[in-house]
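**Student:** Sequence plus the predicted model coming up.
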Amino acid sequence: AQRVTQPEKLLSVFKGAPVELKCNYSYSGSPELFWYVQYSRQRLQLLLRHISRESIKGFTADLNKGETSFHLKKPFAQEEDSAMYYCALLNSGGSNYKLTFGKGTLLTVNP
Amino acid sequence: NAGVTQTPKFQVLKTGQSMTLQCAQDMNHNSMYWYRQDPGMGLRLIYYSASEGTTDKGEVPNGYNVSRLNKREFSLRLESAAPSQTSVYFCASSERGRATGGYTFGSGTRLTVV
C-alpha cells in the first residue's frame, strides 16, 4: 500500500540556518512526489514536484529511490518560510490519479 | 481567474444537522477532490471524482456524500453532522493524467460541530 511518512511534526531553526524536511514513501510503482506548503490559515500551494527538478523559493528536493526518500532542503532559511509543509505521493489506480499526503511538518524559522 | 472557490468559509452546526459544502472550479479540470485536514493527521481524502459523472470513496468517506453536479462543481454533504466531523475541509481540482498531478486547492471551509 502507498504511504507517505514525515517523521517530524515540528521543526524549528534559526534564520540563516540550513533546513531539511524529511519525507519517506512506500509505493510499488514508479513514484511521483510533490511538496505542498500551507502558510498560516491559507490554502495549500504546490511548492515543487520531483519531475520538474526545479528550485522554488530556494527549496530543492531530490528523489532517492534507493532510500525511498524525497527530502526538502534549503541552505539558508528565512522567517517567511515558516509554514506547514506536506509531502505527497501521486497514486495512480487504473485511470484515477489521487494524491496521498503525509501528516505534515510545521516549520518555524526564528529570527 | 478564481481557481477553486469554496463556500461557506466558516460554519457551526449542531449535532444531527445537515449541510452541503460547495466547491466550484473554473480551470476546466476533469478531476475534483474533497479532503479533510485535522491536526496531526494531515490531509485525508474523503471522496473524489475522476471525471464528470463519476465519484469514488477515498480514505474516510463515512458520514459523507458527494455530488458531481457538472464539470465545474463538486459538493460535499453531511447528512447528520457529528462532533468528529469538526475539521477544515479542502476541495481541490486537477487535470487527469500523470503529466501534471498537481492540485489546485480552495481556501477551505472551517466546520465546527457542537
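**Tutor:** Sure thing, it's come through. Residues are numbered from 1 along each chain as shown, chains lettered A, B, ... in the order given.

**Student:** burial of B:G53, as a residue count?
**Tutor:** Counted with other C-beta atoms under 10 Å in any protein chain shown, the neighbours of B:G53 add up to 9. From N, CA and C alone the C-beta is placed, and that goes for glycine too.

**Student:** which residues does the nearest residue to it once chain neighbours are set aside contact?
**Tutor:** Nearest residue to B:G53 in three dimensions, chain neighbours excluded: B:R68, at 6.6 Å (C-beta to C-beta, 6 or more residues apart in numbering or on different chains). Counting by C-beta atoms under 8 Å, 6 or more residues apart in numbering or on different chains, B:R68 makes contact with B:32, B:49, B:52-55, B:74.

**Student:** hmm, try it at 6 Å
**Tutor:** Contacts for B:R68 were tallied using C-beta atoms under 6 Å, 6 or more residues apart in numbering or on different chains; they are B:49, B:52, B:55, B:74.

**Student:** same question, A:N24
**Tutor:** Counted by C-beta under 6 Å, 6+ apart, A:N24 has contacts A:5, A:68-69.

**Student:** Of the contacts of B:R68, which is the most crowded?
**Tutor:** Top of the contacts of B:R68 by neighbour number is B:F74, holding 28 neighbours under the definition other C-beta under 10 Å.

**Student:** Kindly state the beta-bridge partners for that one.
**Tutor:** B:R68 (DSSP bridges).

**Student:** Many thanks, have a good one.
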